[in-house]
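Visitor: Just a sequence and a predicted model for now, questions to come.
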Amino acid sequence: MRLFALSMLICLSGVLHISSAIAADPSDDPTATPYSSAGDVAAGEQLFKRCKACHLVTDEGRARPTGPRLYGLFGRTAGSLAEFKYYSKALKKADHVWTEERLYAFLEDPNAYVPGIKSAMRVQKITDQDKRKDLLAYLRQATALKNE
């Protein structure tokens with residue numbers, strides 16, 4: 001009987017492992033590069049000039065009070081950077097990790113992606129798909145964590 005129970009447990013755990021792998025949401029992978037790989041880093045850097053008033057891409061320098069630092073953005077939980085104190089309740093409740101897919105959707109229309117966001121981002125839309133890919137290519141490179 002114990003052998004049968006053990007066999008069933010092993011079988012069930014294998015099924016659960018396989019089904020969880022099948023059901024995994026590709027937008028949950030912060031290392032995936034479906035958009036940045038098609039973007040132009042130099043063009044994205046030019047686009048980012050609009051964002052510099054509020055955001056830094058490195059871990060150096062004094063943080064801006066108007067927007068969170070983007071260094072280490074990919075893989076970070078939205079609304080979680082401790083040094084930035086002005087996240088909207090809506091963004092804190094978003095409860096997701098920033099990936100390219102999520103950032104791509106957010107940049108298209110931040111207010112639609114996170115309804116109730118109360119920041120300048122709510123009006124910062126990048127509707128052009130190629131420009132969003134370019135910006136993601138730049139952000140992927142510029143915000144990457146340095147090996148320490």
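Guide: Everything's here; your move.
Visitor: Would you agree residue 97 is in contact with residue 32?
Guide: No: Residue 97 is beyond contact range of residue 32, at 11.6 Å (criterion: Cβ atoms under 8 Å). C-beta coordinates here come from the backbone N, C-alpha and C atoms, glycine included.
Visitor: ok now stretch 108-118, how far from the chain's centre?
Guide: Here stretch 108-118 is found 14 Å from its chain centre; the criterion is Cα atoms, centre = their mean, to the nearest Å.
Visitor: pLDDT of it, averaged?
Guide: Per-residue pLDDT over stretch 108-118 has a mean of 89.
Visitor: residues contacting the spatially most central residue of the chain?
Guide: With distances taken as Cα atoms, centre = their mean, residue 98 lies nearest the centre of the chain, 1.6 Å away. Listed by Cβ atoms under 8 Å, 6 or more residues apart in numbering, the contact partners of residue 98 are 30, 73-78.
Visitor: wait, which of those is closest to residue 120?
Guide: Using Cβ to Cβ, residue 78 is the member of these that lies nearest residue 120, at 16.3 Å.
Visitor: I'd say that closest one and residue 99 touch.
Guide: No: with contact defined as Cβ under 8 Å, residue 78 does not reach residue 99; the gap is 10.5 Å.
Visitor: all strands for the chain, in order.
Guide: With DSSP state E, there are no strands along the chain.
Visitor: Please look at residue 136 and residue 44 and confirm they touch.
Guide: Yes: counting by Cβ under 8 Å, residue 136 touches residue 44, with 6.9 Å between them.
Visitor: Isn't residue 33 up against residue 144?
Guide: No: Residue 33 sits out of contact with residue 144 when judged by Cβ under 8 Å, with a separation of 11.5 Å.
Visitor: Run through the chain and note the low-pLDDT ranges.
Guide: Residue ranges of the chain with pLDDT under 70: 1-27, 122-123, 147-148.
Visitor: Could I get the full set of helices for it?
Guide: For the chain, the helices defined by DSSP state H occupy 2-23, 41-48, 89-93, 100-108, 110-113, 129-142.
Visitor: Restrict the fifth one to CA atoms and write it as PDB.
Guide: What that stands for is helix 110-113. In PDB, the C-alpha atoms belonging to helix 110-113 read as follows (Å, rounded to 0.1, in the frame of the first residue of the first chain):
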ATOM      1  CA  PRO A 110       0.400  53.800 -18.800                       C
ATOM      2  CA  ASN A 111      -3.100  54.800 -17.500                       C
ATOM      3  CA  ALA A 112      -4.800  52.000 -19.300                       C
ATOM      4  CA  TYR A 113      -2.200  49.500 -18.100                       C
END
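Visitor: Before I go, just wanted to say thanks for your time.
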